[in-house]
Structures are given as C-alpha cells and as structure tokens.
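Peer 1: here is the input, now give the coordinates:
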Amino acid sequence: MRYTLFENQKSEIILLARILLMILFIMAGWGKLTGFSGTVGYLESLGTPAPMLAAAIAVIMEFIVAILIVVGFYTRPLALLLALFTVGTAVIGHSFWTMVDAERAANMTQFLKNMSIVGGLLLLAITGPGKYSLDGK
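Peer 2: Okay, the predicted model is just below:
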C-alpha cells in the first residue's frame with residue numbers, strides 16, 4: 001500500500017523543508033559575515049588552520065550556499081557539499097569527546113544537532129528540490 005497522505009503536497013513540503021533546514025545556516029552565516037573579525041578570532045582560538053580562509057569558507061557555505069538551497073539552485077550537489085561541511089564543523093567546533101560535565105553535554109547536543117541536519121541534507125540531496133525551485137524550472 002502506497003503512503004499518499006501528503007503526496008499531493010510533496011513539492012510544498014520539500015520547499016518548507018528546504019527553508020527550515022536553511023534558517024539556522026542563513027542566520028549563522030549572516031552573523032559570521034557581519035562579525036567577520038570575531039569569526040576569525042574564534043576560529044583562531046579553536047586552532048583552526050588558516051582561520052581567515054576558514055571564516056570565508058564558513059560565510060560562503062552558511063550564507064550563500066544556504067540561500068541557493070532555499071531557492072533551489074543546484075540543490076542536490078550543494079546539499080551534499082553542505083552536509084560534508086556540517087560534519088566538519090561538528091568535529092572541529094563541537095568535539096564533546098574532549099570535554100567534561102556541562103560543557104560535554106552542551107557540545108554533544110550541538111554535535112548531534114549537526115548530525116541531524118546532515119541527515120536532512122542527505123535526504124534533500126537524494127530527493128531533490130521539488131518543483132518550487134530554480135532547478136525545477
């Protein structure tokens with residue numbers, strides 16, 4: 001038996017999913033863009049190699065790529081690329097396995113949030129953007 005409850009609204013739901021998945025990235029990317037020197041400083045504090053380049057990549061991925069996914073432009077490859085970026089940021093920015101107590105708990109939650117987002121991005125890379133997208137035109 002085929003599940004058809006939302007079949008008629010599939011493209012609308014995929015559009016909503018794209019928007020919901022990208023809200024966090026767009027907001028974070030905008031913050032990094034408008035506070036670029038602070039972003040570079042934070043990445044330096046983490047010991048990130050080439051922190052200025054890493055900050056620029058973060059702005060591009062979190063702000064520009066996220067907007068492109070919302071509008072549905074090159075959705076599948078960009079969703080896959082953003083999934084890989086998100087895994088990287090989870091490992092670099094939320095290494096809970098090196099922490100203890102409250103810091104460990106908070107960073108484990110953030111790490112797992114990132115992994116949940118990766119799941120959504122991988123699903124989007126497989127399903128595509130739906131008809132309400134530049135890819136669908």
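
Peer 1: all contacts plus neighbour counts: C-alpha atoms, from now on.
Peer 2: Fine.

Peer 1: can you point out the buried residues in the longest helix along the chain?
Peer 2: Across the chain, the longest stretch assigned as helix under DSSP state H is helix 101-127. For helix 101-127, burial by neighbour count (16 or more other C-alpha atoms under 10 Å) applies to 104, 107-108, 110-111, 114-115, 117-118, 120-122, 124-125.

Peer 1: how about stretch 45-64?
Peer 2: By 16+ other C-alpha under 10 Å, the buried positions in stretch 45-64 come out as 48, 51-52, 54-56, 58-64.

Peer 1: contacting residues around the helix or strand harbouring Ile57?
Peer 2: For Ile57, the host element (DSSP states H and E) is helix 51-59. Contacts to helix 51-59, defined as C-alpha atoms under 8 Å, 6 or more residues apart in numbering, come from residues 29-30, 32-33, 36, 39-41, 43-44, 48.

Peer 1: elements contacting the next helix or strand after it?
Peer 2: Later in the chain than helix 51-59, the nearest helix or strand by DSSP H and E is helix 66-71. Here helix 66-71 touches helix 10-34, helix 75-93, going by 3 or more C-alpha pairs under 8 Å, 6 or more residues apart in numbering; DSSP states H and E.

Peer 1: ok, 7 Å please
Peer 2: Applying 3 or more C-alpha pairs under 7 Å, 6 or more residues apart in numbering; DSSP states H and E, one finds that helix 66-71 contacts helix 10-34.
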